[in-house]
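A.B. asks: below are the sequence and a predicted model; questions follow.
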Amino acid sequence: MPAHKRILLKLSGEALMGDDAYGINRATIVRMVQEVREVVQLGVEVAVVIGGGNIFRGVAGGSVGMDRATADYMGMLATVMNSLALADTMRQEGMVARVMSAIAIEQVVEPYVRPKALQYLEEGKVVIFAAGTGNPFFTTDTAAALRGAEIGAEIVLKATKVDGIYTADPKKDPEATRYNRISFDEAIIKNLQVLDATAFALCRDQKLPIRVFSIFKPGALKRVVMGDDEGTLVHV
Ligand SMILES: Nc1ncnc2c1ncn2[C@@H]1O[C@H](COP(=O)(O)OP(=O)(O)OP(=O)(O)O)[C@@H](O)[C@H]1O
Ligand SMILES: O=c1ccn([C@@H]2O[C@H](COP(=O)(O)O)[C@@H](O)[C@H]2O)c(=O)[nH]1
């Protein structure tokens with residue numbers, strides 16, 4: 001019996017690259033989708049936000065002199081591409097998915113309309129929220145927190161390249177140790193960079209727990225959905 005009825009799954013954009021230098025690695029996206037299919041088959045309602053780090057990040061554009069807002073809109077469009085690729089891979093794997101964009105781009109993808117998203121979820125369709133929050137200076141982590149709160153998800157699951165939240169970035173500090181559980185306040189005070197502070201604060205205020213776990217670990221998503229102790233739980 002799954003521990004959660006409705007989840008907001010934040011998928012790493014960067015992880016989509018697999019071993020490639022950029023873009024979408026075919027085997028990787030298929031594997032990700034198969035993991036999602038397993039939890040959909042359990043009867044869990046799944047909404048997804050996918051990042052854009054495999055294609056473009058606003059901060060990177062800003063750092064080389066681009067207007068930051070313009071760079072951020074490029075980043076949001078990158079998430080639309082990832083969302084379309086994800087939905088199409090889901091179709092190929094026998095699933096039904098709908099992409100909804102926070103930026104009007106109606107010839108390509110339908111706009112985000114909350115009641116429609118809720119209807120799709122109730123029908124058992126996977127809903128993929130594209131273009132982040134639709135606003136520059138935010139991230140897809142914040143979009144995940146925002147949409148998670150809006151749709152009444154029971155938890156935000158951040159599937160990323162590390163297997164939880166550490167005392168410091170484990171890619172830079174080999175001495176870092178992993179938390180099993182950490183409160184929102186502690187994560188914010190310690191400035192742990194695995195999610196941005198806006199996302200942490202929004203989830204804290206809405207009492208929406210977050211679990212961070214590895215997207216590369218086979219079966220981890222299913223274990224999380226079944227309530228197993230996987231990765232790190234961020235709690236109120
Ligand atoms: N304290 C920490 N604990 C765990 N990871 C951390 C910590 N501080 C920094 N990180 C880094 O945060 C990264 C995950 O966050 P980030 O949002 O950048 O990745 P992502 O999920 O791949 O995002 P995107 O979807 O934007 O591509 C990890 O790969 C890790 O290196
Ligand atoms: O609400 C949002 C979400 C995203 N962006 C821009 O897109 C890129 C990619 O998203 P990641 O979360 O980094 O994967 C992000 O760097 C921003 O530039 C945004 O502006 N607003």
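C.D. replies: Right, received. Where do you want to start? Ligands and ions are numbered 1, 2, ... in the order given.
A.B. asks: name the helix or strand for the residue lying farthest from the centre of the chain, please.
C.D. replies: Ranking residues of the chain by C-alpha distance from their mean position (CA atoms, centre = their mean) puts residue 65 at the top, at 27.9 Å. Using DSSP states H and E, residue 65 is not contained in any helix or strand.
A.B. asks: show me what contacts it?
C.D. replies: If you count contacts by CB atoms under 8 Å, 6 or more residues apart in numbering, residue 65 has none. (C-beta placed from N, C-alpha, C; glycine too.)
A.B. asks: any idea how far it is from residue 109?
C.D. replies: 30 Å (CB to CB, to the nearest Å).
A.B. asks: ok, back up a step: I'd like to know how far the residue farthest from the centre of the chain sits from residue 28.
C.D. replies: 32 Å.
A.B. asks: and residue 15, by the same measure?
C.D. replies: As judged by CB to CB, residue 15 and residue 28 stand 7 Å apart.
A.B. asks: give me the number of residues near residue 146?
C.D. replies: 24 (other CB atoms under 10 Å).
A.B. asks: tell me where the protein has strands.
C.D. replies: All strands of the chain, identified by DSSP state E, fall at 6-11, 45-50, 97-101, 110-111, 126-130, 155-160, 181-183, 210-214, 232-235.
A.B. asks: rebuild those as a markdown table, extending it with mean neighbour count, mean pLDDT and distance to ligand 2.
C.D. replies: As requested, those are exported to a markdown table (neighbours: other CB atoms under 10 Å; pLDDT from 0 to 100; distance: least, CB to the nearest ligand atom, whole Å):
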| stretch | mean neighbour count | mean pLDDT | distance to ligand 2 |
| --- | --- | --- | --- |
| strand 6-11 | 26 | 98 | 9 |
| strand 45-50 | 28 | 98 | 8 |
| strand 97-101 | 22 | 98 | 11 |
| strand 110-111 | 14 | 98 | 15 |
| strand 126-130 | 28 | 98 | 10 |
| strand 155-160 | 26 | 98 | 10 |
| strand 181-183 | 16 | 98 | 21 |
| strand 210-214 | 24 | 98 | 14 |
| strand 232-235 | 22 | 98 | 17 |
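A.B. asks: mind putting those strands into CSV with distance to residue 138?
C.D. replies: Putting the strands of the chain into CSV (distance: least, CB to CB, whole Å) gives the following:
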stretch, distance to residue 138
strand 6-11, 13
strand 45-50, 12
strand 97-101, 15
strand 110-111, 18
strand 126-130, 13
strand 155-160, 15
strand 181-183, 23
strand 210-214, 16
strand 232-235, 19
